[in-house]
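[1] below is the sequence, then the predicted model.
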Amino acid sequence: GSGKKYKRCCLGKKAASAAPVVPGVTHEAVLAQPNDLLWHRLHRFNRAMTTQLLEFSVEVFGKAALAEAWAEFAAAEDSPFDPGSLHMQVFMPWFYFNWTADDTDTQVKKSAPRDETVAGAYLRLKGRHLDPVERRYLQACIETPFSFHEVVRCEPGTGFRLRDLFTGEEREVSERSGSKYAKPGDLVLGKVVPIEHLALLEGCSGVAFPPQRKA
């Protein structure tokens with residue numbers, strides 16, 4: 001009655017209930033296996049796509065695009081682009097998924113789109129080479145806004161429950177590295193990207209605001 005295909009709804013439950021009991025392996029761990037496989041798949045895809053999107057941005061928008069995006073991103077600091085900056089964890093996803101070239105005041109290629117992000121142009125021109133899940137994930141990254149999220153609950157090395165401070169929406173987020181250092185009450189900046197039965201944290205800032213700085 002869920003409207004989902006059987007394999008998306010009941011197959012995993014059937015497999016888990018029929019699975020043999022293995023010492024040290026919990027029932028929850030068996031149920032989490034499909035999620036874990038998807039996480040690893042998207043994690044590998046993210047690592048490869050980071051390089052591909054950077055090369056694509058130079059090919060389609062030109063070398064000036066990165067410098068122009070940085071000048072817009074770090075306008076208050078008026079600092080030159082620094083690949084070693086702590087802001088890179090936020091800037092690069094913002095550059096790929098949010099930045100668009102100015103209509104007139106720009107040095108990007110004349111043939112480059114002015115109303116389309118780097119990832120959007122990539123999907124339009126090369127998306128046919130991706131499988132459906134990868135295409136949906138890139139599209140979700142484009143559509144999901146950056147926001148501030150409060151850590152409601154944390155399972156170090158696995159993930160955490162985050163509440164969007166602007167919408168109040170809460171999601172269980174799969175995040176291996178960031179969850180190792182987060183604590184309930186911390187505020188983090190990033191995109192909580194929903195894909196299939198997961199939510200991933202994209203473009204997460206390397207700095208968390210502790211509860212006493214929340215105001």
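    Now that the structure is in, tell me what you want to look at.
[2] longest helix anywhere in this structure?
    As assigned by DSSP state H, the longest helix anywhere in the chain is helix 27-60.
[3] so what does the helix or strand following it touch, helix or strand wise?
    Tracing the chain C-terminally past helix 27-60 and defining elements by DSSP states H and E, one meets helix 64-73 next. Where contact means 3 or more CB pairs under 8 Å, 6 or more residues apart in numbering; DSSP states H and E, helix 64-73 is packed against helix 27-60, helix 88-97. Where you see a C-beta, it was placed from the backbone N, CA and C, and this is true even at glycine.
[4] re the thing from before, what pLDDT, on average, does the longest helix of the chain get?
    On average, the pLDDT along helix 27-60 is 78.
[5] lowest confidence element among the helices and strands of the chain?
    Ranked by mean pLDDT, DSSP states H and E, the helix or strand of the chain with the weakest confidence is helix 11-18, at a mean of 49.
[6] any idea of the angle the longest helix of the chain forms with helix 64-73?
    Relative orientation of helix 27-60 versus helix 64-73 (axes from the mean of the first three to the mean of the last three CA atoms, to 10 degrees): 110 degrees.
[7] measure the closest residue in space to M92 that isn't next to it in sequence to F56 for me?
    Closest residue in space to M92, ignoring its immediate chain neighbours: T50 at 7.1 Å, by CB to CB, 6 or more residues apart in numbering. Separation of T50 from F56 (CB to CB, to the nearest Å): 11 Å.
[8] which of these two has more residues huddled nearby?
    F56 (18 against 13; other CB atoms under 10 Å).
[9] tell me if I'm right that that one and Y122 touch.
    Yes. Under the criterion of CB atoms under 8 Å, F56 is in contact with Y122, at a separation of 5.2 Å.
[10] where does the prediction get shaky in this protein?
    Applying pLDDT under 70 to the chain flags the ranges 1-35, 76-77.
[11] the same query, at a cut-off of 90, please.
    1-43, 46-47, 74-87, 102-107, 113-114, 155-159, 174-183, 196-198, 204-208, 210-215 (pLDDT under 90).
[12] middle-most residue in it, spatially?
    With distances taken as CA atoms, centre = their mean, E202 lies nearest the centre of the chain, 2.3 Å away.
[13] about what we covered before: right, and the helices and strands packed on helix 64-73 - which one's nearest A71?
    helix 88-97 (11.4 Å; CB to CB).
[14] after the closest one, heading C-terminal, what element do we hit next?
    As the chain continues past helix 88-97, the following element, by DSSP H and E, is helix 118-126.
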